[in-house]
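Visitor: okay, predicted coordinates and the sequence, questions at the end:
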Amino acid sequence: MASTPPFDPSHIDRFLSGEASDVERAQVQAWAAADPRHHAFLESLRTRFAATSHDAATDTAWRALRAAMDVPGDALSLNAKRQRAVTRLSPQRSWRVPLRIAASLLLVAGSAAGWQWRNSVEDSFNAPSGATRVATLSDGTRVTLSPGSRARWRRNFGRGDREVYLDGEGYFEVVHDTLHPFRVRARDAVVEDVGTRFVVRAWPELARPEVAVEEGIVLLADSVGTSRGVALTAGQSGRLESDGRVTVAAIPNGAFTWIRGELIFDNAPLSVALPSLSRWYDVDLRADSSLAGRHLSARLVQQPLPQLLDALALALDARVARNGRVLTLARRTQ
Amino acid sequence: MNPLRGPSAPSDVGNDVVDRIRDGDVAAFEQLFRSSHASLLAFATSYLRDPARGEELVQELFLELWTKRAQWNVTGNVRSYLFAAVRHRALNTRRRDLLELDWIESEGIESIGTLHATPPLAGEESERAELHDQVHRAIELLPERCRLVMQLRWRDGLAYAEIAQVMGISLKGVENQLGRGLRALRERLLRT
């Protein structure tokens, strides 16, 4: 059996930049073929550093620049030209208002009350409808967001306590650090952890925020601080009630499966299931009054939309009417 | 030929475009912008973490280029010039942010985060994707300068000499960044 070809960084570099000779390329390919992890290593580098053309929106950018170039008179400062260029963009392109402008608005608004210049600036990321997103924070903690969710944290994250503000639903794999407690704030809940993996669910349509712990321990409390918090260990889920108490139960089916692309609804009311599916598929799913009070039990693994609709129609004995992006389910009449 | 190099490859843009732009040729300016926009945007976003601010930076750079075109001159190649200009502005922007935010970062320190899409996966694919995820995560934990050198080399197809000029390091330094980076990634991969 031939021995594994050696790992040669300079060959791999030349391979990835397209400069490798035939011999070098064959050596790199032999190294990759020797072990699936080698192959994944190479593929990962290629995908990570691949140029993609579709997300640069060069056309839009050129139009904005061209417009800014036309603004007459050098009396106009560069600042003003840039602002004008930014505002001429098509509304579909979601560029935020440049940070400096937002900051000065903040100044003006606060001046009556005695302003503070040092507004806290945050980093954030979000998952759009139809896709999950993962981010790694500076401490190594990994956050996976379910579609439609957002996570925010202060710029000084990691230098003091570690706090993340969550809208929606996120899976947290927290790096252990006893000196710097890690907290997730979602709706009126505070989830404090030291080194664990857990999911926080805080959708507006849920009655109350919920936490499910996969590994380790978290403390669940309300943000007002009525109590120290209830400890939840692996296999437990907690629901923060409006009076600050925590109801502990077993982890519901599907609490963690979404991270790997499997959706499970276990007798879920449609008022919760349909918004969730809408976010996952980036559609607008509704039910009319003929399905009021119905619940959904279903397991969906990577279903394309048509199969999803078939599954829903079957489970609910309903039909689907489509009006643009809105899909309405109604009880099938005989 | 670099199979990874995207459509924005200003390598084909010769220095005569500088002369044409100096003379006020909008078409030449547009050609330069279109051929380099995506690469420069990706580079700026690597520094600033925010695509909106990255776009703002690239726009400002080109707007200033145009406004001051009468005096514009480039020694060396245009592509390196543009990348270096983006880097210069990005570092300045971060320095200004630092003063406002009391936040310490330099090119040598690890990054704060990464964004990559993880679409739902079928069962068989999940193991391979898990490996990918691990490597992508490991890449994000590399020192920033190392990652940027990799990006310029494998995404944008810059030569060693160009990377050295853009990043303000020596040729040997470029080689070291790539070699050490790859070795570090491999070590991390084999440890898991």
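Guide: Sure, I can see it.
Visitor: shaky segments in chain A?
Guide: Chain A contains residues with pLDDT under 70 at A:1-3, A:51-56, A:71-121, A:194-195, A:225-228, A:334.
Visitor: longest strand in it, by residue count?
Guide: strand A:162-173 (DSSP state E).
Visitor: direction included, what does that strand pair against?
Guide: Partners of strand A:162-173 in the sheet, by DSSP bridges, are strand A:142-145 (antiparallel), strand A:150-154 (antiparallel), strand A:182-186 (parallel), strand A:197-202 (antiparallel).
Visitor: so A:Leu263 sits against A:Gln302, correct?
Guide: No - taking contacts as Cβ atoms under 8 Å, A:Leu263 lies outside contact range of A:Gln302: 9.4 Å. Any C-beta I mention is one placed from the backbone N, CA and C, and that applies to glycine too.
Visitor: neighbour count: these two, which is higher?
Guide: Legend: neighbour count by other Cβ atoms under 10 Å in any protein chain shown for A:Leu263 and A:Gln302, higher for A:Leu263 (21 against 15).
Visitor: tell me which element the more buried one falls in.
Guide: Using DSSP states H and E, A:Leu263 sits within strand A:262-269.
Visitor: any idea how far chain A is from the residue nearest to the spatial centre of chain B?
Guide: Centroid-nearest residue in chain B, with Cα atoms, centre = their mean: B:Phe43, separated by 2.5 Å. Look at B:Phe43 and chain A: by Cβ to the nearest Cβ, to the nearest Å, they are 11 Å apart.
Visitor: B:Ile139 too?
Guide: B:Ile139 sits 6 Å away from chain A, going by Cβ to the nearest Cβ.
Visitor: any idea of the pLDDT on that residue?
Guide: At B:Ile139, the model reports a pLDDT of 84.
Visitor: quick check, it in contact with B:Leu185.
Guide: Yes - counting by Cβ under 8 Å, B:Leu185 is a contact partner of B:Ile139 at 6.7 Å.
Visitor: helix/strand/coil for B:Gly157?
Guide: For B:Gly157, the assignment made with DSSP: H, G, I helix; E, B strand; the rest coil gives coil.
Visitor: quick check, pLDDT for it.
Guide: pLDDT at B:Gly157 comes out at 86.
Visitor: pLDDT below threshold where in chain B?
Guide: Confidence mapping of chain B against pLDDT under 70 gives the ranges B:1-13, B:98-129, B:191-192.
Visitor: please enumerate the helices of it.
Guide: For chain B, the helices defined by DSSP state H cover B:16-22, B:26-48, B:51-67, B:78-101, B:125-140, B:144-150, B:160-167, B:171-191.
Visitor: how about A:Val175, secondary structure?
Guide: Following three-state DSSP, we place A:Val175 in the coil state.
Visitor: excluding chain neighbours, what is closest to it?
Guide: A:Gly140 (4.2 Å; Cβ to Cβ, 6 or more residues apart in numbering or on different chains).
Visitor: kindly provide the distance from B:Ala38 to A:Ala50.
Guide: 12 Å (Cβ to Cβ, to the nearest Å).
Visitor: the more surrounded of those two?
Guide: Neighbour comparison, B:Ala38 and A:Ala50: the larger count goes to B:Ala38, with 25 against 13 (by other Cβ under 10 Å).
Visitor: ok so, going back, you'd agree the residue nearest to A:Val175 is in a strand?
Guide: No - using three-state DSSP, the assignment for A:Gly140 is coil, not a strand.
Visitor: how far away is it from A:Ala321?
Guide: Counting by Cβ to Cβ - A:Gly140 and A:Ala321 are separated by 48 Å.
Visitor: between these two, point out the one with more neighbours.
Guide: Neighbour count, other Cβ under 10 Å: between A:Gly140 and A:Ala321, A:Gly140 has more, with 15 against 12.
Visitor: the helices in the stretch 1-150 of chain A, which residues?
Guide: For the stretch 1-150 of chain A, the helices defined by DSSP state H, counting those that start in this stretch cover A:9-16, A:22-33, A:36-48, A:58-70, A:78-87, A:99-110.
Visitor: got the angle for the third one vs helix A:9-16?
Guide: With axes from the mean of the first three to the mean of the last three Cα atoms, to 10 degrees applied, the angle from helix A:36-48 to helix A:9-16 works out at 50 degrees.
Visitor: just want the angle from helix A:36-48 to helix A:22-33.
Guide: For helix A:36-48 against helix A:22-33, the angle by the same axes, to 10 degrees is 120 degrees.
Visitor: list the buried residues of helix A:36-48.
Guide: The neighbour-count check on helix A:36-48 (16 or more other Cβ atoms under 10 Å in any protein chain shown) flags A:37-42, A:44-45, A:48 as buried.
Visitor: any chance of those residues in CSV, plus distance to chain B?
Guide: As requested, the buried residues of helix A:36-48 are arranged in CSV below (distance: Cβ to the nearest Cβ, whole Å):
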residue, distance to chain B
A:Arg37, 6
A:His38, 9
A:His39, 9
A:Ala40, 4
A:Phe41, 5
A:Leu42, 9
A:Ser44, 4
A:Leu45, 7
A:Arg48, 6
